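A.B. asks: give me a 3D structure for the following:
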Amino acid sequence: MLALYYWCTNQVVVQRTLAAPSLADGQRGALLAGALKLTTLALSVAPGLAGRVFYPYLHRDDDIDIRLVLGVFLAAFLGALRAALSATYNSAATVLSIDFIRRARPDMDERHTVRWARIATALAMLVSAARAHAALDAARGLAIRALTGAIVAGFW
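C.D. replies: Sure, this is the predicted structure:
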């Protein structure tokens, strides 16, 4: 019941299910996604179990070293971030090299197409790094304004 949004109204899941070649493929895909979704239960319990194994001398589960838990979650977060960025850069390179460059120059060979894709990847990385820096500056400014607003509101 709690995952009703994810399974019934999440547009990505619905579109991927509807885009399946057949009903059986859509059903198998939904079952596979459900099985993969169940692994999050094991992943949320794993740091506590790992802490119990690595620190058997602790008497309470609350005493588990936070560095272990943070290390596991940081590794998972960085792995997911790397995968998402890689997919984004690959998509940007494909769109630029195939949809724009190849249409403008249909006689271009594969070697030059790959070169343009690599250039597009480098450009996408530079643009995203610049945008990340600008977003970080904006977030700092927003945090300072919010903190100032909270302090000023406290005077009233």
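
A.B. asks: from Leu74, how far off is Leu49?
C.D. replies: 18 Å (C-beta to C-beta, to the nearest Å). (Glycine included, C-beta is placed from N, CA and C.)

A.B. asks: can you pull the domain assignment for this structure?
C.D. replies: 1-64, 65-156 (automatic domain parsing).

A.B. asks: lowest mean pLDDT across those domains, which one is that?
C.D. replies: Among the domains of the chain, domain 1-64 has the lowest mean pLDDT, at a mean of 75.

A.B. asks: report how many residues lie close to Ser97.
C.D. replies: As a burial measure, Ser97 scores 21 neighbours (other C-beta atoms under 10 Å).

A.B. asks: isn't it up against Ala120?
C.D. replies: Yes: using C-beta atoms under 8 Å, Ser97 makes contact with Ala120 at a distance of 6.0 Å.

A.B. asks: in the one helix or strand Gln15 maps to, what's buried?
C.D. replies: Here Gln15, judged by DSSP states H and E, is contained in helix 11-18. Using 16 or more other C-beta atoms under 10 Å as the burial criterion, the residues of helix 11-18 that qualify are 13, 17.

A.B. asks: how about the next helix or strand after that helix: buried residues?
C.D. replies: Later in the chain than helix 11-18, the nearest helix or strand by DSSP H and E is helix 23-54. Neighbour counts over helix 23-54 (16+ other C-beta under 10 Å) mark 47, 51 as buried.

A.B. asks: just the residues contacting stretch 116-123, thanks.
C.D. replies: Contact with stretch 116-123 is made by 89-90, 92-94, 96-97, 101, 108, as judged by C-beta atoms under 8 Å, 6 or more residues apart in numbering.

A.B. asks: of all those, which comes closest to Thr39?
C.D. replies: Distances from Thr39 to the contacts of stretch 116-123, taken as C-beta to C-beta, are shortest for Asn90 (25.1 Å).
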